[in-house]
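S.K.: Pasting the sequence and the predicted model now:
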Amino acid sequence: MSKSTKTTSKQAKGYAGMTGADLFHKMLLAEGVEVLFGVPGGALLPIFDSLYETPIKFVLTRHEQGAAHMADGYARSTGKVGVCIATSGPGATNLVTGLATAYMDSVPMVAITGQVTSALIGNDAFQEADTTGITRPVTKHNMLIKRAEDIGRAVREAFYIARTGRPGPVLIDIAKDATSNILSEEPDLETNLPGYKPMLTGHIRQVKAAAEAINASKQPVLYVGGGVIISEASDILNKVAHRGNIPVTTTLMALGAFDESDPLALQMLGMHGTAAANYAIQECDCLIAVGARFDDRVTGKVETFASHAKIIHIDIDPTSISKNVKADIPVVGDAKDILEKMLPMIKSKGRKDWLGQIAKWKKAYPLHYDTGPKIKPQQVIESVGRLTDHDAIITTGVGQHQMWAAQFYGWRKPRQFLTSGGLGTMGFGLPAAIGAQFGNPGKTVIDIDGDGSFSMTMGELVTAVHYNQPVKVVVLDNCYLGMVRQWQEMFYERRYSATEHPCPDLSLIAEAFGAKGIRATDPGDLDDAINEMLKHDGPVVLAASVEPEENVFPMVAAGKSLHEMDMGRLV
Amino acid sequence: MKHVITALVQNTSGVLAHVAGMIAARGFNIDSLVVGRTEDPELSRMTVVVVGNEHVLEQIRKQLEKIITIVRVRDFKEIDYVERDLMLVRVSAPPEKRAEVVELVNLFRGRIVDVARQSLTVELSGPEAKLEAFVDMVKPYGIRELARTGIIAVQRGEQRAKERNEKENS
């Protein structure tokens, strides 16, 4: 580390004489950390000794991946920085999936890892791993701290970087001796980030150009991504949409940013998006992307994506602009700031023809499913939505259940839906729900999960029981890795290769862990089972045995254009 | 097409690994990457020669700017600049051929920095094309060892570097 040439005006007082671990602890408190998720270990002993009497709520998890997802769920649901801690070597490597998940979805997180004593670094010491090397591609930033004097500055930089600009996880790897050593002098807490200048305000000329294009358009569509939730821009988005009568489609990451009961709502777009959203994208003459990044699951065949449209791209990250789809009018900056500037420039328009066309699509191709003798997975989601008044915080794993949750819950508010969109991390649901529950005491938090995803991290049920966090888990139990099975059915002649698995009774597993277990097999009992789950004051697993070979529709097959949707065999 | 990009970077551990890792992970093609100290002990300068079209150049520049420890990035797409590449090459030069090799070195304004019985070591700097031409000329005599620094570059005179973000927003 180079020594800062900056002034030491931020020179701390009263830290000399304490250990690096105590300084670290004080810095966490100064950053307002309320809850810390993690697992202790050898390299962390000085830190955990300092945390022995702390006002911070420490949550001991079963696995470091769980700690990372909990910090992630806490951050996504509250907007605050989530914090997790793991020891050196395997502790740190176990965090990697959680870091990559948060990185792909721009979640503000700080991860702390213990490192072996600085003199041993590079010697293949016990529980040594090159943590900064391993995590560099999956963090927004990381740093290795070898001296107690650098800990304070590192913590301040980490929180600042994590929560500003396009947020993301930042990792601090701290050598054990840096935490056990005593500070001989007052540490310099001044951050030294000459290369970090997140662009927060949009250029007014670009905003004007965008507004003019919108006003000139006949068939505009707002294509809204997770950036709108991150920048707390839902209200202003709503105003812009209504002022210009512009229909809104939300990506998986943005569900809740625009109320789906609003007539302008097109719901989700992309591979499993609604027909109305996908047709609107293909037919629009002006596409306004806000805080979205033209992911391949959204665009389908990129050459034909919104090919008639002038493309306006609002994003805080310049690397997202013109990466996949060339933007005609790029606007770099914070979504909220830009939409606020744009609102007075938007002309009020009727757009009768365009909205009429969209209404026709919505009517002709609604999301639908048929009921049958077995419980349909979509039915479970719809019932959960209805019985929670569309007001619960929902987390998911990854796969069919995730897409059904996205399609059928009925999203109303931002920060209501927490899902691993970019990385697609199975096992995210339960730990993310626990983290969200810690951040939202008293709220109903439900993990809608698949049996495959749930199995990956279900050990964290013990954590929910341990800390009496009343998270609910609804498992759509089909004894398959359903999404892969669906692709095998559709594209590999039903050759179900390694997608079938034994189905333990998850309700009994829940009971063994000290949670409540409920099993539902009959469609007629579904509402009662969900109500029983919601009423119980404690963690619950509701295992719903669902139609095993149900498929997610509509579906745009990989490499196809958005308008080439497969609506399912029932249409 | 080749583009030269330079970056001022903080002298922290891992910054080179970060840049190299980003380039590899995103599948960018580079010709060379040179790092050296600057007049400021806190900063180093990296010079990267990128191969690709404008889209690639734009992405690599933005991705570099995104790295926290990179302070400033500039590409020389619209700026007149001076580039140099330094080469040390040990050429076979037995006594009967030595005069010919020396003549070539002089023609290219190179310097002979070491003489041995069977070989000469030549220092040559300049734009890439000149170095390659020299290598072509001495190849028949036999190249024993060759090392190059890769390109470093600075702008000519006091032109203002185009602020790319401004351009993006104009």
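M.R.: Happy to help now that I have it.
S.K.: Can you classify A:Ile151 as helix, strand or coil?
M.R.: Following DSSP: H, G, I helix; E, B strand; the rest coil, the label given to A:Ile151 is helix.
S.K.: Return the distance of the residue most central in space within chain B relative to B:Ala129.
M.R.: What sits nearest the mean C-alpha location of chain B, by CA atoms, centre = their mean, is B:Ile151, with 1.1 Å. Noted for B:Ile151: a distance of 11 Å to B:Ala129, by CB to CB, to the nearest Å. Placement of C-beta: from N, CA and C, glycine included.
S.K.: so where is chain B shaky, pLDDT-wise?
M.R.: Along chain B, segments meeting pLDDT under 70 span B:159-170.
S.K.: I'd like the next helix or strand past the longest strand along it.
M.R.: If you go by DSSP state E, chain B has its longest strand at strand B:81-92. Heading C-terminal from strand B:81-92, the first helix or strand you meet, by DSSP states H and E, is helix B:95-107.
S.K.: Can you name the residues in contact with that following helix?
M.R.: The list of residues contacting helix B:95-107 from outside it, by CB atoms under 8 Å, 6 or more residues apart in numbering or on different chains, reads B:91, B:93, B:111-112, B:117, B:120, B:122, B:124, B:134, B:137-138, B:141.
S.K.: Mind giving me the PyMOL command for buried ones among those?
M.R.: In PyMOL syntax, the buried subset of those is picked out as below (16 or more other CB atoms under 10 Å in any protein chain shown):
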select buried, chain B and resi 91+93+112+120+122+124+134+137+138+141
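S.K.: who does the helix or strand where A:Leu476 lies touch, helix- and strand-wise?
M.R.: Applying DSSP H and E as the criterion places A:Leu476 in strand A:472-477. Packing partners of strand A:472-477 (3 or more CB pairs under 8 Å, 6 or more residues apart in numbering or on different chains; DSSP states H and E): helix A:377-387, helix A:400-408, helix A:429-439, strand A:445-450, helix A:451-457, helix A:506-512, helix A:526-535, strand A:540-545.
S.K.: That one to strand A:540-545, inter-axis angle?
M.R.: Angle of strand A:472-477 versus strand A:540-545, following axes from the mean of the first three to the mean of the last three CA atoms, to 10 degrees, is 20 degrees.
S.K.: Strand A:472-477 versus helix A:429-439: what angle between them?
M.R.: Calculated by the same axes, to 10 degrees, strand A:472-477 forms an angle of 170 degrees with helix A:429-439.
S.K.: Against chain B, how distant is A:Glu547?
M.R.: Distance, A:Glu547 to chain B, using CB to the nearest CB, to the nearest Å: 41 Å.
S.K.: Name the nearest residue to that residue, sequence neighbours excluded.
M.R.: Spatially, and ignoring its direct neighbours in sequence, A:Glu547 is nearest to A:Lys374 (4.5 Å; CB to CB, 6 or more residues apart in numbering or on different chains).
S.K.: Tell me both backbone torsions, phi and psi, for that neighbour.
M.R.: A:Lys374 adopts backbone torsions of phi -100, psi 160, taken as degrees, to the nearest 10.
S.K.: tell me the contacts of it?
M.R.: Each residue near A:Lys374 by CB under 8 Å, 6+ apart is listed here: A:521, A:523, A:545-547.
S.K.: which bits of chain B sit near chain A?
M.R.: Counting by CB under 8 Å from any CB of the partner chain, the positions of chain B adjacent to chain A are B:8-14, B:17-18, B:21-22, B:25, B:41-42, B:55, B:58-59, B:62-63, B:65-72, B:165, B:168-170.
S.K.: List buried residues within those residues.
M.R.: Buried residues within these, counting neighbours by 16+ other CB under 10 Å: B:8-12, B:18, B:22, B:42, B:58-59, B:62-63, B:65-72, B:165, B:168-169.
S.K.: Pop the domain breakdown of chain B in here.
M.R.: Under automatic domain parsing, the residue ranges defining each domain of chain B are B:2-79, B:82-152.
S.K.: for those domains, which one ends up most surrounded?
M.R.: Of all those, domain B:2-79 carries the top mean neighbour count, a mean of 18, counting by mean count of other CB atoms under 10 Å in any protein chain shown.
S.K.: Among the contacts of A:Lys374, which one has the most neighbours?
M.R.: Among the contacts of A:Lys374, the one with the most neighbours (other CB atoms under 10 Å in any protein chain shown) is A:Val546, at 27 neighbours.
S.K.: ok, B:Glu145 - contacts?
M.R.: B:89-90.
S.K.: Try it again at 10 Å.
M.R.: Shown in contact with B:Glu145 (CB atoms under 10 Å, 6 or more residues apart in numbering or on different chains): B:88-91, B:119, B:121.
S.K.: mind checking the SS state of it?
M.R.: Under three-state DSSP, B:Glu145 falls in the strand class.
S.K.: could you measure it against A:Ala309, distance?
M.R.: Note on B:Glu145: its distance to A:Ala309, by CB to CB, is 58 Å.
S.K.: got a list of what A:Ala30 touches?
M.R.: Neighbouring residues of A:Ala30 by CB under 10 Å, 6+ apart: A:12, A:152, A:155-156, A:159, A:189.
S.K.: would you turn these into TSV with neighbour count?
M.R.: Output for the contacts of A:Ala30, formatted as TSV (neighbours: other CB atoms under 10 Å in any protein chain shown):
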residue	neighbour count
A:Ala12	19
A:Gly152	26
A:Val155	27
A:Arg156	18
A:Phe159	23
A:Leu189	22
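S.K.: taking these one by one, which sit in helices?
M.R.: Judged by DSSP state H, helices contain the following of those: A:152, A:155-156, A:159.
S.K.: got JSON lines for those residues, with distance to A:Thr463 and pLDDT too?
M.R.: Converted to JSON lines, the ones in helices among the contacts of A:Ala30 look like this (distance: CB to CB, whole Å; pLDDT from 0 to 100):
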{"residue": "A:Gly152", "distance to A:Thr463": "30", "pLDDT": "96"}
{"residue": "A:Val155", "distance to A:Thr463": "25", "pLDDT": "98"}
{"residue": "A:Arg156", "distance to A:Thr463": "29", "pLDDT": "98"}
{"residue": "A:Phe159", "distance to A:Thr463": "24", "pLDDT": "98"}
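S.K.: quick check, nearest of the residues you listed to A:Asp105?
M.R.: Within those, proximity to A:Asp105 (CB to CB) peaks at A:Phe159, which comes in at 18.6 Å.
S.K.: need the contact list for residue 129.
M.R.: In the absence of a named chain, chain A is used. For A:Ala129, the contacting residues are A:88-93, A:96, A:113, A:115-116, A:135, A:173, by CB under 10 Å, 6+ apart.
S.K.: my bad, chain B
M.R.: Contact analysis of B:Ala129 by CB under 10 Å, 6+ apart lists B:Asp85.
S.K.: which residues of chain A score low on pLDDT?
M.R.: A:1-12, A:569-571.
S.K.: B:Ile67 versus A:Leu137, what's the distance?
M.R.: If you look again at residue A:137, you'll see it is Pro, not Leu. Separation of A:Pro137 from B:Ile67 (CB to CB) stands at 11 Å.
S.K.: Now the common contact residues for these two.
M.R.: What both A:Pro137 and B:Ile67 touch, as defined by CB under 10 Å, 6+ apart, is the set B:18, B:21-22.
S.K.: and those residues as CSV, adding secondary structure?
M.R.: Output for those, formatted as CSV (three-state DSSP):
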residue, secondary structure
B:His18, helix
B:Gly21, helix
B:Met22, helix
